[in-house]
Structure formats: C-alpha cells, structure tokens
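In: model the structure of this input:
(one chain, ligands or ions: 1)
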Amino acid sequence: MTKQELLNQIQQVKQETDTVILAHTYQPPEIVDAADITGDSFKLAAAVAKLPNRRVILCGVDFMAETVKILSPDKQVILASPNATCPMATQIDPSRVRAFKQQNPHTAVCCYINTTAALKAECDICVTSSSAVKIVNAMEQTDILFIPDQNLGRFVAQSCPHKNVTVWDGYCPVHNKVTPQQIAAIKAEYPNTPVAVHPECKPEVVALCDMAGSTADIINFAKAQAGDVIIATERGVAEYLNLHETTNKRYIQACGDTLICPDMKMTTLTDLLAALKGEGGKEMTVDPTVRAGAKAAIDKMLAYGG
Ligand code: SF4
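Out: Numbers count the residues shown, from 1 in each chain. A predicted model of the protein is given here:
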C-alpha cells in the first residue's frame, strides 16, 4: 500500500470507529501528520479526557498511553506500536519507593510523568518537565525525593535552593548522552544563535544553553525568536518546527542523528492502521487500585496548577 493509500484508510477507519489519534511530538513526521492532536505526554492525556470519542490510539510509548487511560478510564486506549516503551519509566521498582517512604516518612516523593502507573501510585505527587520547578517550590515539604530522572531532579534542586532535593539515579538514555563539547561545537558553528535544551540533559549541558524546558516550552521559545534556534532535544522537535513553522528561520538540530529515541520512532503508518482496525497495537489496562493512586498523584499536580 502506498503512503497516501495508508493515510486515506487511516482517515476512513478513524471516522468509522469514532477514534481520536494522538501523537507525541517525537513521533516520525508522517505519524504527526496523521494525528488529530500532537504534543507532549501530559498535554495529550489532558486534551483527550475532554473529548467525546470512545476510542483513542496513542502513537508514542507505553507510559503515555497509560497516562491517557488513567485520565480517561472509560475510553478504549490503544498504544499503536505495542513494544514502544520508555527505558527511564521503569528504572525504579515501585517496592523501592515504598521502602524509602517507610524509612523517610517526612520526605515527599515527587515523580516525573515519565513513569509507569505503578510507580506514580507510590508517589505523593507527579510533575511534568514544565511544572516541576513551580510545583517543588510550592510544596509544603522541605525534603523531597525526585524520581527517576537525576538530570531533571538536579535542575529542580538548583532552581529550588531552599528545598532539600534528593535525586534518584535514573536518566533518559537519549538526552543523557549529550555532552558539553557537542553543545560548545554547535555554538561555535552557529555563533549568536540561542540554544534550547531539555532538562533531561546533564546540568553541565543545560548550563551552556539559553533556555531549558519541556517539549512545549522549547517549541514556544523557538517560535518566539526572531532568528535561527539550535534545538538540543530529541530530533522530532526540530523536525516538527521545520515542517510546521512556515518562516525563514532555521531550527538547527544539535548532535545530529545521535538524538533519536528509538522507541519513539517505532510507530509506522501500518502499525497505526492495524491498531485502528483492531488488528494490532496494545490495549492499555490499569488495575483500579493502581489507577486510583496514580490519579491522586496527577490530581495533586493539577491542584498546584501544573
Ligand atoms: S526520549 Fe528518553 S524519556 Fe523520552 S521516551 Fe525516549 S527514552 Fe523515554
């Protein structure tokens, strides 16, 4: 089947089955084009909870589809590429968080949204990369354990000096491999060009950049600049900006082809069509007790305006 035939069938089956298609910005461009809503994981989950569609196909990785299911338990939620996972989301066993809380009852456990539902359910509050600093600052507790991303955790700790933030030793294998030398090299190649970075990169990398923020923050920053911008996050963001922003500005990818998340690139149009037809994908289920715990952590984030 040609790409156009696949796209036509996707549109047809989507309408016949009352399905909404979500794609994370890191997805391949043809998947982003086929989607109804594109964005970062929390934006997708929050947006779909307000829609009437009974069925959702998520093009991304498993924790994102789980988050959609947590916020929309009555919808059928299908992950288009059944094996797409986030290595960072499972870097801590929930039992280790439970044990930590027993030993440190006065420390609040704050989890990044890039975690499994089972892990979220053990935590006091969930945050996104754009809300993490604001929420940790506002929390009543002084002692905070931030899981699982040590880099985002250290970024939060630096930004909240009056808090005692302990970080876990997890990391995103894609962002963690960016080096200060790579950022220095691209800055030398494009002098006076601002660099936007994701705080999942190491603090010594973030320190060399002009802004650090979530996927949505980076996109907004890049759009607001008068000239070119260097983008130091997963390749999908620069690709998205170059394809969808019709300006003469260049969105320059830092670190070239090394900043690619293999799991995020797994989804194909064939996977998406199979999932729509009920012949592929992975239907998400979340145990009701786990869902209640994970939802409580997300609701607390929303209560802080996250
Ligand atoms: S880019 Fe990193 S945090 Fe995002 S899904 Fe891939 S491995 Fe996980």
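In: so how far is the ligand from residue 288?
Out: Distance of residue 288 to the ligand, given as CB to the nearest ligand atom, to the nearest Å: 26 Å. Using the backbone N, CA and C atoms, a C-beta is placed for each residue, glycine as well.
In: helices or strands next to the helix or strand bottoming out on mean pLDDT in the chain in the packing?
Out: Sorting the helices and strands of the chain by mean pLDDT, DSSP states H and E puts helix 41-49 at the bottom, at a mean of 89. In terms of contacts (3 or more CB pairs under 8 Å, 6 or more residues apart in numbering; DSSP states H and E), helix 41-49 is packed against strand 19-24, strand 37-39, helix 62-71.
In: list the buried residues for it?
Out: 41-48 (16 or more other CB atoms under 10 Å).
In: let me have the residues you listed in JSON lines, extended by distance to residue 255.
Out: Shown next, in JSON lines, are those (distance: CB to CB, whole Å):
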{"residue": "41", "distance to residue 255": "22"}
{"residue": "42", "distance to residue 255": "25"}
{"residue": "43", "distance to residue 255": "25"}
{"residue": "44", "distance to residue 255": "26"}
{"residue": "45", "distance to residue 255": "29"}
{"residue": "46", "distance to residue 255": "30"}
{"residue": "47", "distance to residue 255": "30"}
{"residue": "48", "distance to residue 255": "32"}
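In: for the ligand, state which of these is nearest.
Out: residue 41 (8.6 Å; CB to the nearest ligand atom).
In: look up the closest residue to that closest one, ignoring the ones flanking it.
Out: Among residues not flanking residue 41 along the chain, residue 64 sits closest, at 4.4 Å (CB to CB, 6 or more residues apart in numbering).
In: distance check, the one you found against the ligand.
Out: Distance of residue 64 to the ligand, given as CB to the nearest ligand atom: 8 Å.
In: what about that residue, neighbour count?
Out: 27 (other CB atoms under 10 Å).
In: that one contacts residue 56, correct?
Out: No. Shown here, residue 64 and residue 56 do not form a contact pair, counting by CB atoms under 8 Å, at 10.9 Å.
In: what sits up against the strand or helix carrying residue 154?
Out: Using DSSP states H and E, residue 154 falls within helix 150-159. By CB atoms under 8 Å, 6 or more residues apart in numbering, the residues outside helix 150-159 that reach it are 112, 129, 132-133, 136-137, 146-147, 163, 165, 167-172, 175-176, 199-203, 206, 212.
In: now, these that are in helices?
Out: Among the contacts of helix 150-159, DSSP state H puts 132-133, 136-137, 203, 206 in helices.
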